[in-house]
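In: below are the sequence and a predicted model for it; my questions follow.
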Amino acid sequence: TPTNYLETVRGYRGLLKEKRAELGDKANKLKGGLQKLDETSVQVAAMKKVAEEKKVVVAQAKTDCEELLVEIVQDKRVADEQEKQVNAEATKIGREAEEANAIASQVQAELDKALPALQAAEEALNVLTKKDMSELKAYAKPPALVELTLGSVMTVLRRPPTWEESKKQLGDASFMQKLLEFDKDKLDDGLLKKIGKFTQQPDFTPDAVGKVSLASRGLCLWVRAMETYGHVAKDVAPKRAKLKAAQDNLAKKQAALSQAQEALAQVLAKVQALKDKYDDSTSKKRALEEELADLEGKLERAEKLVTGLAGERTRWEASIADFEAALGCLPGDV
């Protein structure tokens with residue numbers, strides 16, 4: 001009947017649609033597999049290229065590290081030798097400084113022998129006033145010991161040892177300051193000999209002079225202190241000369257040592273900079289090696305996958321062809 005016919009046609013069409021969908025899904029799945037294989041092959045090829053490039057980078061990084069290491073070893077050897085020389089020179093200069101200090105201590109110890117006399121003279125001068133100087137100046141004909149004392153003072157000051165010159169100097173407002181600030185180190189042999197002509201006289205003592213004039217007593221103490229210091233300074237003059245020579249030589253060597261230390265510091269800084277650069281390069285190289293190892297691992301697994309599925313390609317392609325052929329014959333086969 002027509003109704004049965006129509007139901008048969010509808011059933012046929014439904015079955016045909018179902019079979020077409022079934023065969024199409026199977027073919028599409030295999031086509032998707034082939035596409036994935038193609039994509040994987042492209043990715044594997046790209047990974048191979050990247051891996052080769054990374055190998056070059058890693059090799060260069062390794063070469064750079066090796067070259068840096070060679071440079072570090074060379075510079076470190078130079079720095080060690082330089083440091084050894086600088087330390088040896090520093091030790092030597094340290095010993096010379098100790099020797100110079102020892103000489104300085106000896107010189108100072110000798111000069112200190114004259115300190116009591118100098119301090120006594122300074123104290124005696126400090127108590128003198130302008131009034132005392134005026135009283136001395138007021139003498140028309142001074143007592144012999146006063147004239148003797150002022151003559152000795154003028155001799156120390158390298159002035160004529162006369163009463164007229166003495167009165168002139170006593171009238172100078174800065175006379176006492178001249179005595180207090182007198183340069184004791186300029187007392188030479190000739191001057192000490194002249195001073196000795198005064199100090200060798202039996203009555204030229206602070207006590208004897210003080211009985212005649214208290215002001216003159218302080219001046220007598222000052223002259224004797226200058227003489228004492230002059231003789232002490234004369235005795236230590238060779239040591240002073242030796243000290244000065246040692247100090248001058250020491251200063252030159254210390255300056256040279258300072259330059260050597262600065263040069264060493266620059267070399268050590270360069271070595272440290274190279275070490276830091278080497279550590280950084282080594283760290284980068286290690287990171288590159290890890291990246292390369294990871295990439296090669298992925299590449300190996302991908303190649304195994306592609307190789308393992310290579311045999312399936314042919315079967316999948318044949319199956320796709322069969323499915324497509326079946327689709328063409330499907331109206332008659334259903």
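Out: Now that the structure is in, tell me what you want to look at. Numbering: from 1, shown residues only.

In: would you agree residue 72 is in contact with residue 273?
Out: No: using CB atoms under 8 Å, residue 72 is not in contact with residue 273; the gap is 9.9 Å. The C-beta positions use only the backbone N, C-alpha and C, and glycine is treated the same way.

In: neighbour count for the two, which is higher?
Out: More neighbours surround residue 72 than the other of residue 72 and residue 273, with 19 against 12 (other CB atoms under 10 Å).

In: tell me the secondary structure for that one?
Out: Counting by DSSP: H, G, I helix; E, B strand; the rest coil, the backbone at residue 72 sits in helix.

In: residue 268 versus that one, what's the distance?
Out: 12 Å (CB to CB, to the nearest Å).

In: go on, residue 77?
Out: Distance from residue 77 to residue 268, counting by CB to CB: 13 Å.

In: the two: which is more packed in?
Out: Neighbours per residue (other CB under 10 Å) separate residue 77 from residue 268, with residue 268 holding more: 16 against 11.

In: which of the helices or strands spans the closest residue in space to that one that isn't next to it in sequence?
Out: With sequence-adjacent residues excluded and distances taken as CB to CB, 6 or more residues apart in numbering, residue 268 is closest to residue 79, at 5.6 Å. Using DSSP states H and E, residue 79 maps to helix 2-112.

In: if we look at the next helix or strand after that helix, which residues are touching it?
Out: The first helix or strand that comes after helix 2-112 along the chain, using DSSP H and E, is helix 115-126. Helix 115-126 has contacts (CB atoms under 8 Å, 6 or more residues apart in numbering) with 176, 179-180, 184, 206, 217-219, 221-222, 224-226, 228-229.

In: pick the one among these closest to residue 297.
Out: residue 184 (91.8 Å; CB to CB).

In: ok, the closest one to residue 20 distance?
Out: The value you get for residue 184 to residue 20, if CB to CB is used, is 130 Å.

In: tell me the mean pLDDT for the one helix or strand residue 228 maps to?
Out: Using DSSP H and E, residue 228 falls within helix 214-333. Mean pLDDT, helix 214-333: 82.

In: show me what it is packed against.
Out: Under the contact definition 3 or more CB pairs under 8 Å, 6 or more residues apart in numbering; DSSP states H and E, helix 214-333 sits against helix 2-112, helix 115-126, helix 130-137, helix 144-156, helix 189-199, helix 206-212.

In: in the second one, what's buried?
Out: Going back to what we said before, that points to helix 115-126. By 16 or more other CB atoms under 10 Å, the buried positions in helix 115-126 come out as 117-118, 120-121, 124-125.

In: quick check: mean pLDDT of it?
Out: Mean predicted confidence for helix 115-126 is 76.

In: output it as CSV, nothing but the C-alphas.
Out: Extracted in CSV, the C-alpha atoms of helix 115-126 (Å, rounded to 0.1, in the frame of the first residue of the first chain):
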residue,chain,number,x,y,z
LEU,A,115,113.5,70.0,79.4
PRO,A,116,113.9,70.8,83.1
ALA,A,117,116.2,73.7,82.4
LEU,A,118,114.0,75.0,79.6
GLN,A,119,110.9,74.8,81.8
ALA,A,120,112.6,76.5,84.6
ALA,A,121,113.8,79.3,82.3
GLU,A,122,110.3,79.6,80.8
GLU,A,123,108.7,79.9,84.2
ALA,A,124,111.3,82.5,85.3
LEU,A,125,110.6,84.5,82.1
ASN,A,126,106.8,84.3,82.6
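
In: that one: how far from the chain's middle?
Out: 50 Å (CA atoms, centre = their mean, to the nearest Å).

In: just to revisit the earlier point, now the helix holding residue 79 against helix 214-333, angle please.
Out: 170 degrees (axes from the mean of the first three to the mean of the last three CA atoms, to 10 degrees).

In: just give me the neighbour total for residue 179.
Out: 21.

In: quick one, what contacts it?
Out: So residue 179 contacts 125, 153, 219, 222 (CB under 8 Å, 6+ apart).

In: swap in 6 Å and give it another go.
Out: 125, 222 (CB atoms under 6 Å, 6 or more residues apart in numbering).

In: equivalent analysis for residue 209, please.
Out: Residues counted as contacts of residue 209 (CB under 6 Å, 6+ apart) are 145, 149, 216-217, 220.

In: list the contacts of stretch 51-61.
Out: Contact partners of stretch 51-61, identified using CB under 6 Å, 6+ apart, comprise 285, 288-289, 292, 295-296, 299.

In: JSON lines please, covering those and showing distance to residue 164.
Out: Compiled in JSON lines, the contacts of stretch 51-61 are given as follows (distance: CB to CB, whole Å):
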{"residue": "285", "distance to residue 164": "98"}
{"residue": "288", "distance to residue 164": "102"}
{"residue": "289", "distance to residue 164": "104"}
{"residue": "292", "distance to residue 164": "108"}
{"residue": "295", "distance to residue 164": "112"}
{"residue": "296", "distance to residue 164": "114"}
{"residue": "299", "distance to residue 164": "118"}
